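Chemist: What follows is a predicted protein model with its sequence.
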Amino acid sequence: MWFNNLIAYRFKQDTQFDQEKFEQALAQDKFRQCAAQDLSTFGWSNALGKFGNALSHFSADKILVCAKREEKVLPPTVINDLLAAKIDEIESTEHRPVKKKEKDELKENLIHSLLPQAFTKPSFTFAFIDMAKGWLVVNTISFNKAEELLALLRKSLGSLPVVPAFVNHDIGLFLTKWLSTNQAPAQFSIGYDAELVEPEEKGAKVVLKQLDLTADEIQTHLHNGKAVTKLSLDWQERISFTLQEDGSIKRLAYAELLKEENADIPKEDMAQKLDADFILVTSELILLLEQLTASLGEPESV
C-alpha cells in the first residue's frame, strides 16, 4: 500500500464508478498465466493479493487496482549461443552461408522451441483512483508502464478520460527557480539531492547527493546557466521525495510517525490493516499532490 513512486493523472471530468460494474469490467481482462507459446501475459490481479478476492478494492471514494505481468525468461546469450551453433552446423554441412532472412527464421523457431521450457517472471503494478478529487496515480517510475496500465484499464472500462497531471507545467523551470532562490513553495522544503544539466544537447550533468544545496558552488552552477532537472523535497516532514522535470515523483520516503499510525491493528487481520494503510497513504498522497499542484499555479487548458 506504500507507493514509492508516482506518475499522476487527472480526470478531465467528474467520474464515479459503481463497484459491481467496475469489478465486472476488470474481470474481462483478468490475468492468466503464460501458455506454452506465450512470451508474456498482462491482466488484472487481486488488488489485495492473497488477502483479498476482488480485482478492485473500493474504500472511502478510492479504488485500488493491481495489474500483473508474467514474462518468459529467455536470456539473449543462451539464444545467441544456440543460434550460432545452428548456423555453424548448416554452413559446415551444407557448405553455404546462412543469410539474414534465414537467420531470423532460425531465431524465431528457436525461441518457439524454448518457450515451453522457459521460467516465468511475475511483476506487479499498483494504481489507485480518487473519485472525489479526480486523480489516478500509478506506482511506477516508468511512463511506459503507467501507460500500459492505463491502456488495460481503458480496454476494460471502455474509456478513461485522463491526462498527465503536470503535462502543461514546465516543472524544470519551477525546480530551477526554487533552488536558485533557496525557497520551496509553502508546505515544502528543499532536501539534499538534485540534478543540474546544461541546456545544450550534450551539456554537462551535475549529480548532487546528500549536500547542502544552498552552497555557493551550487549557486554558481545555476548562475552559469545549468537547469535543475531533479530536486528532492520534503512535505510537512511527513513525506520526502524527488520531483523530476517530467512530472514524475520518485523515491518517496514516509515519516515513521506516518508508518506507525496503523501499527495497533493486529497482523492477524491483515485485510483490515491493508485497507487502513491504503486509506492513510492515498489520503496523504492526494493532499501532497493537491498542494504541489497549487504551488505550480493554474496550467494552460487541456
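Modeler: Here it is on my side, so go on. Numbering: from 1, shown residues only.
Chemist: Just give me the neighbour total for E200.
Modeler: By other CB atoms under 10 Å, the residues close to E200 number 8. Just so you know, the C-beta spots here come from the backbone N, C-alpha and C atoms, and that holds for glycine as well.
Chemist: Am I right that it is in a helix?
Modeler: No. Read with DSSP: H, G, I helix; E, B strand; the rest coil, E200 is coil and lies in no helix.
Chemist: so what's it up against?
Modeler: Listed by CB atoms under 8 Å, 6 or more residues apart in numbering, the contact set of E200 is empty.
Chemist: tell me the phi and psi of it?
Modeler: Backbone torsions for E200, taken as degrees, to the nearest 10, come to phi -60, psi 160.
Chemist: any idea where the strands of the protein begin and end?
Modeler: In the chain, the strands defined using DSSP state E lie at 7-11, 40-45, 56-59, 62-73, 119-130, 135-138, 162-164, 188-197, 205-208, 227-235, 239-244, 249-254.
Chemist: Columns mean pLDDT on top of those, output as a markdown table?
Modeler: Listed next are these as a markdown table, based on pLDDT from 0 to 100:
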| stretch | mean pLDDT |
| --- | --- |
| strand 7-11 | 98 |
| strand 40-45 | 97 |
| strand 56-59 | 97 |
| strand 62-73 | 96 |
| strand 119-130 | 96 |
| strand 135-138 | 98 |
| strand 162-164 | 96 |
| strand 188-197 | 96 |
| strand 205-208 | 92 |
| strand 227-235 | 96 |
| strand 239-244 | 98 |
| strand 249-254 | 97 |
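Chemist: mind exporting stretch 52-67 as PDB, just the C-alpha atoms?
Modeler: Coordinates of each C-alpha in stretch 52-67 appear next as PDB, following Å, rounded to 0.1, in the frame of the first residue of the first chain:
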ATOM      1  CA  GLY A  52      -8.500 -10.400  -0.900                       C
ATOM      2  CA  ASN A  53     -10.500 -12.000  -3.600                       C
ATOM      3  CA  ALA A  54     -11.500  -9.000  -5.700                       C
ATOM      4  CA  LEU A  55      -9.800  -7.400  -8.600                       C
ATOM      5  CA  SER A  56     -10.600  -3.900  -7.300                       C
ATOM      6  CA  HIS A  57     -10.700  -2.600  -3.700                       C
ATOM      7  CA  PHE A  58     -13.200   0.200  -3.100                       C
ATOM      8  CA  SER A  59     -12.800   2.200   0.100                       C
ATOM      9  CA  ALA A  60     -13.600   5.800   1.000                       C
ATOM     10  CA  ASP A  61     -14.200   7.000  -2.600                       C
ATOM     11  CA  LYS A  62     -10.900   5.400  -3.600                       C
ATOM     12  CA  ILE A  63     -10.200   2.400  -5.800                       C
ATOM     13  CA  LEU A  64      -7.100   0.200  -5.700                       C
ATOM     14  CA  VAL A  65      -6.200  -2.000  -8.700                       C
ATOM     15  CA  CYS A  66      -3.200  -4.200  -9.500                       C
ATOM     16  CA  ALA A  67      -2.000  -5.200 -12.900                       C
END
